[in-house]
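**Q** Structure here, sequence nowhere to be found:
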């Protein structure tokens, strides 16, 4: 009997925003794996901390910042694969939703191609959590909603936002100043809401125009824009 | 003491895809309200059926198919408002996520403008559930992900899909044949996956190209497209 690998969406940060399904799987698996910074600190692990029973085998996948690190995912897939072959189920913790810009997909591809059983459990993504916290519906009716990564060029950002009904700009971090300039040039600043670390204790939210010009944004931050101001109008 | 209204994301269909937070709120509230068809049948109510304790006051908001029905939401907001003023908390059940094309936002606007306390609890949206079931990550890296409602014109659909990295086409229903034609004309059929009623017992999924030409789609169906075939490549 080989084990099953679960890509487990654990939600945006508040521990109770995990699903019942993911919670139950966490109680049952022998092994949990999670992305961590190079120093071993893991947001994913801290989110589920109240829910993880003692005595689990834990695998911290230390991922350097920057582009996907093939060798690291190769090695993690082998380590997880060994547990699966020994009949142990493995839950891979995924902040938000596993398949919404999540690094789990790099493991998913490798594990599935190696013939392992891999199941993905969807989670509450940060985009939905940001909208809920802001009281700002993402999109309604026949709106096209665009999810736009901030590392794109100012030119591409402008083209995408030009005629948008609604947009979520993700991965702000060091691209924040560039994004603000584009939004300002398009006259969309008063339609833009900023939020960081949604649902965590350290959450902060503010209309984009109220931020000082030199404000910096963490990686876990987002700008939501709706052309009508409120999606329901 | 006035009550609190909760817009409660209950997930895409499988009862255990509700969050712990929404589950706990369901145990505590005196009143639950939910959208229903004109005959009173409610998908939202059926999803939470295993989780609702006996003896709750229930409000079925009967919504005719078609454009948002202002008078119906006006009346529902008044009925819910009366419970809130009497100090009773009310959970409004929302399939998927409340703020992702959800009808809850029409109540949210009315209740908030009337001065009630309204909190939104984000949920697992159908888009994330579809991706999980299909084993098809939505977007990665610097992909722009577009959420596109199928009722848009063939011309607009073509323009949106022309250079897209990744797209989810929602609300297919009677617009299915038009959407398929657009996808075919753009040469994207072999990149397109079809799924209906994700995570429900009646779920069905199939590569778009394998569906017969005269296939029909329910409202609760979706097409996911990724230009690279698999987002992680």
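**A** Done, it's in. A quick note: this is a predicted structure, and the numbers were derived from the prediction, not measured. Residues are numbered from 1 along each chain as shown, chains lettered A, B, ... in the order given.
**Q** for the longest helix seen in chain A, packing partners?
**A** As assigned by DSSP state H, the longest helix anywhere in chain A is helix A:70-85. The contact analysis (3 or more Cβ pairs under 8 Å, 6 or more residues apart in numbering or on different chains; DSSP states H and E) places helix A:70-85 against strand A:4-9, strand A:31-36, strand A:57-62, strand A:90-94, helix A:104-113. All C-beta spots, glycine's among them, are computed from the backbone N, C-alpha and C.
**Q** Which residue is the nearest non-sequential neighbour of residue A:208?
**A** residue A:192 (3.9 Å; Cβ to Cβ, 6 or more residues apart in numbering or on different chains).
**Q** residue contacts, the one you found?
**A** Contacts for residue A:192 (Cβ atoms under 8 Å, 6 or more residues apart in numbering or on different chains) come out as A:183, A:207-209, A:223-225.
**Q** if we go to 6 Å?
**A** For residue A:192, the contact set (Cβ atoms under 6 Å, 6 or more residues apart in numbering or on different chains) comprises A:183, A:208, A:223, A:225.
**Q** for residue A:9, same thing?
**A** A:94, A:97-98, A:121-123.
**Q** picking that back up, can you give me the buried ones in the longest helix of chain A?
**A** Buried residues in helix A:70-85, counted by 16 or more other Cβ atoms under 10 Å in any protein chain shown: A:72-73, A:76-77, A:80-81, A:83-84.
**Q** give me the beta-bridge partners of the residue nearest to residue A:208?
**A** Taking DSSP bridges as the rule, residue A:192 bridges to residue A:225.
**Q** what separates it from chain B, distance-wise?
**A** Residue A:192 sits 16 Å away from chain B when distances are taken as Cβ to the nearest Cβ, to the nearest Å.
**Q** how many neighbours does residue A:60 have?
**A** As a burial measure, residue A:60 scores 17 neighbours (other Cβ atoms under 10 Å in any protein chain shown).
**Q** Quick check: closest non-adjacent residue to it.
**A** Nearest to residue A:60 is residue A:36, by Cβ to Cβ, 6+ apart, at 4.1 Å.
**Q** swap in residue A:69?
**A** Counting by Cβ to Cβ, 6+ apart, residue A:63 is the residue found nearest to residue A:69 once chain neighbours are left out, at 6.0 Å.
**Q** ok, that neighbour touching residue A:36?
**A** No. Residue A:63 lies out of contact with residue A:36 (Cβ atoms under 6 Å); the separation is 7.1 Å.
**Q** Count the neighbours of residue A:18 for me.
**A** Neighbours around residue A:18, by other Cβ under 10 Å: 27.
**Q** Could you tell me which residues make contact with it?
**A** Residue A:18 is in contact with A:10-11, B:20, counting by Cβ under 6 Å, 6+ apart.
**Q** Which one of those is nearest to residue A:29?
**A** Taking Cβ to Cβ as the measure, residue A:10 is the one of the contacts of residue A:18 closest to residue A:29, at 13.0 Å.
**Q** Hmm, residue A:91 and that closest one touching each other?
**A** No. With contact defined as Cβ under 6 Å, residue A:10 and residue A:91 do not form a contacting pair (9.2 Å).
**Q** and the two? which has more neighbours close in?
**A** Ranked by neighbour count (other Cβ under 10 Å), residue A:10 and residue A:91 place residue A:10 first, with 29 against 26.
**Q** so what pLDDT did the more buried one get?
**A** Here, the pLDDT recorded for residue A:10 equals 98.
**Q** which ones are touching it?
**A** A:18, A:47-48, A:93, A:123.
**Q** cool, and residue A:21?
**A** Taking Cβ under 6 Å, 6+ apart as the criterion, residue A:21 is in contact with A:121, B:16-17.
**Q** Ranking by neighbours, what's the top pick from the residues you listed?
**A** Scoring the contacts of residue A:21 on neighbours with other Cβ under 10 Å, the highest-scoring entry is residue B:17 at 28 neighbours.
**Q** Dump the buried residues of helix A:70-85 into a markdown table; add pLDDT as well.
**A** Output for those, formatted as a markdown table (pLDDT from 0 to 100):
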| residue | pLDDT |
| --- | --- |
| A:72 | 94 |
| A:73 | 95 |
| A:76 | 97 |
| A:77 | 97 |
| A:80 | 98 |
| A:81 | 98 |
| A:83 | 98 |
| A:84 | 98 |
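**Q** Okay, and the beta partners of the one residue sitting closest to the centre of chain A?
**A** Relative to the mean C-alpha position of chain A, the nearest C-alpha, by Cα atoms, centre = their mean, is the one of residue A:96, at 4.5 Å. Note on residue A:96: beta-bridge partners residue A:11, judged by DSSP bridges.
**Q** repeat for residue A:119
**A** Beta-bridge partners recorded for residue A:119 (DSSP bridges): residue A:6.
**Q** for residue A:205, same thing?
**A** Beta-bridge pairing for residue A:205 (DSSP bridges): residue A:195.
**Q** So what's the residue count around it?
**A** The local packing of residue A:205 (other Cβ under 10 Å) involves 18 other residues.
**Q** Need the nearest residue in space to residue A:211, chain neighbours excluded.
**A** Leaving out its chain neighbours, the residue that sits closest to residue A:211 by Cβ to Cβ, 6+ apart is residue A:194, at 6.2 Å.
**Q** Quick check: residues of chain A near chain B?
**A** Chain A has residues A:16-21, A:97, A:99-101, A:105-106, A:109, A:120, A:122, A:124, A:128-129, A:131-132, A:137-139, A:142, A:144-149, A:151-152, A:160, A:232 near chain B, with proximity defined as Cβ under 6 Å from any Cβ of the partner chain.
**Q** What strand or helix carries the residue nearest to residue A:12 when sequence neighbours are not counted?
**A** Spatial nearest neighbour of residue A:12, excluding adjacent residues (Cβ to Cβ, 6+ apart): residue A:129 at 3.7 Å. Element membership of residue A:129 [criterion: DSSP states H and E] is helix A:126-134.
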